[in-house]
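1. Turn this into a model:
(one chain, ligands or ions: 3)
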Amino acid sequence: MKIAVLPGDGIGPEVTREALRVLDALDLGIEREEALVGGAAYHAKGHPLPPETLALAEASDGILFGAVGDPTCDALERHLRPEQAILGLRKALTLFANLRPAKVFAGLEDHSALRPEVAGAIDLLIVRELNGDVYFGEKGFRTTPSGEREGWDMMSYSESEVRRIAHAGFRAAQGRNKRLCSVDKANVLETSQLWRDVVIEVSAQYPDVALEHMYVDNAAMQLVKNPGQFDVVVTGNLFGDILSDLASMCVGSIGMLASASLGERQTAHGTFGLYEPIHGSAPDIAGKGLANPMATILSLAMLLRHSLGLAEAADRVEAAVARTLADGVLGRDLGGTAGTTEIGDAVLARL
Ligand SMILES: NC(=O)C1=CN([C@@H]2O[C@H](COP(=O)(O)OP(=O)(O)OC[C@H]3O[C@@H](n4cnc5c(N)ncnc54)[C@H](O)[C@@H]3O)[C@@H](O)[C@H]2O)C=CC1
Ligand SMILES: CC(C)CC(=O)C(=O)O
Ligand SMILES: [Mg+2]
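-> Ligands and ions are numbered 1, 2, ... in the order given. Got it, this is the predicted structure:
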């Protein structure tokens, strides 16, 4: 078993380091190899996703990813910006299903942005489509006839793209509480109308799952008003990106939400995938030892479970995280004082 480790930029290497310390402590004999990605790769090699990084990722059983994003790269042509590395990996490896679980850990109810009785009920899974939508459409700048500058981005979904993520959503719901909420903007967008039509077609194959549809603006409001109503939410790339950051604050912090990006490829051990915290490179706190590594440690647990077939080890990691939080070891993002390494130490001590 071999994993690729792509720490990336900003707090990416800081949070990845803590997850790797946990992996070392588990002593599972997993081989790993690290490569540059994002701004770090651009500065060293002239491209955010060098061919050798992609090749390493492709040849692995699973990828542990930190974060990309570097303010010194913000003026580069878009195809050279750090963010293109994660978009490129998702697309090149056909990782179209992004699972983002959001659950309140015991002891964190009082640290949510919501009232404890509202936050305490959260146990949901966002299934975000990851290979299509406006993120991957044609885009550009042009000048209008009146001489104004105009930016444009093409939003689209094909039937097959919606169908495969709909199946992922329904299957996820079957493994949980059998409720699926499909989030779109079908009252305004044709892309969303097709999304809704195809989700309804696919629903015929899952009579045991209760399907509802919700417009994205209402979904954002409902996630704050009554997040306990959601079991599985399936949605497009853009809406899922935004709603998952929102959901993270409902459970306490963006530093808590892990993710798995999966496709259809099976390895000898499980489903091939990429695992990353949902947050970015957080340049505002990078290098200060303040980043919460829990989202990355929990992403490691997802890697162990989904890609390496090591469910027991994954349970151990998740239980150690839960105990650490219940014991009140919290980062500044959750109102505590623990730094990145201190949180890692606390998880290691409870493994
Ligand atoms: N998958 C990826 O690699 C992603 C990359 N990005 C990139 O990251 C860069 C920064 O983007 P932002 O919009 O600022 O989003 P961000 O998620 O990096 O940070 C947003 C806020 O949350 C805080 N935060 C994030 N992670 C944290 C953690 N683990 N512990 C404590 N606090 C944490 C940050 O300090 C900041 O105040 C940009 O270049 C962006 O494009 C953004 C999201 C995802
Ligand atoms: C940086 C972007 C490409 C994506 C993003 O914000 C995310 O995947 O959460
Ligand atoms: Mg995001």
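2. C-alpha only now, for contacts and for neighbours.
-> Fine.
3. residues in contact with residue 61?
-> Applying CA atoms under 8 Å, 6 or more residues apart in numbering to residue 61 gives the contacts 1, 2, 3, 4, 267, 269, 272, 273, 307, 308.
4. Got a PyMOL select line for the buried ones in those residues?
-> Restricted to buried positions by 16 or more other CA atoms under 10 Å, the PyMOL selection for the contacts of residue 61 reads:
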select buried, resi 2+3+4+269+272+273+307+308
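5. Up against ligand 1, what does the chain have?
-> 67-70, 83, 254-255, 278-285, 291-293, 333 (CA under 6 Å from any ligand atom).
6. run the last query once more with 5 Å
-> For the chain, the contact set with ligand 1 under CA under 5 Å from any ligand atom comprises 67, 68, 69, 255, 279, 280, 281, 282, 291, 292.
7. For the spatially closest residue to the first one that is not a sequence neighbour, give me the backbone phi and psi.
-> Taking CA to CA, 6 or more residues apart in numbering, and ignoring the residues beside it in sequence, residue 67 has residue 12 as its nearest neighbour in space, at 4.5 Å. Comment: the main-chain dihedrals of residue 12 come out as phi -50, psi -60, following degrees, to the nearest 10.
8. And the strands in the stretch 151-300 of the chain?
-> Secondary structure of the stretch 151-300 of the chain (DSSP state E, counting those that start in this stretch): strands located at 179-184, 210-215, 232-235, 258-266, 271-277.
9. Which one of those strands lies nearest to ligand 2?
-> When the strands of the stretch 151-300 of the chain are compared by CA to the nearest ligand atom, strand 271-277 sits nearest ligand 2, at 8.3 Å.
10. What strands line up against the closest one, and which way round?
-> strand 62-67 (parallel), strand 258-266 (antiparallel) (DSSP bridges).
11. ok so, going back, residue contacts, the residue nearest to residue 67?
-> Residues near residue 12 by CA under 8 Å, 6+ apart: 65, 66, 67, 68, 280, 281.
12. now do 10 Å
-> Residue 12 makes contact with 6, 65-69, 276-277, 279-283, 286, 291, 293, 296, according to CA atoms under 10 Å, 6 or more residues apart in numbering.
13. Just the buried subset of those residues, please.
-> In the contacts of residue 12, burial by neighbour count holds for 6, 65-69, 276-277, 279-282, 286, 291, 293, 296, counting by 16+ other CA under 10 Å.
14. Include mean pLDDT and distance to ligand 2 when you put the strands of the stretch 151-300 of the chain into a markdown table, please.
-> Listed next are the strands of the stretch 151-300 of the chain as a markdown table, based on pLDDT from 0 to 100; distance: least, CA to the nearest ligand atom, whole Å:
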| stretch | mean pLDDT | distance to ligand 2 |
| --- | --- | --- |
| strand 179-184 | 99 | 17 |
| strand 210-215 | 98 | 20 |
| strand 232-235 | 99 | 13 |
| strand 258-266 | 98 | 9 |
| strand 271-277 | 98 | 8 |
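15. Kindly present those strands as TSV, with separate columns for distance to residue 348.
-> As requested, the strands of the stretch 151-300 of the chain are exported to TSV (distance: least, CA to CA, whole Å):
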stretch	distance to residue 348
strand 179-184	36
strand 210-215	40
strand 232-235	31
strand 258-266	18
strand 271-277	19
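16. Same question for stretch 147-163: list its buried residues.
-> So for stretch 147-163, counting by 16+ other CA under 10 Å, buried means 155, 156, 157, 161, 162, 163.
17. how far away is the closest residue in space to residue 339 that isn't next to it in sequence from residue 270?
-> Of all residues not flanking residue 339 in the chain, residue 290 sits nearest, at 5.0 Å (CA to CA, 6+ apart). Note on residue 290: its distance to residue 270, by CA to CA, to the nearest Å, is 34 Å.
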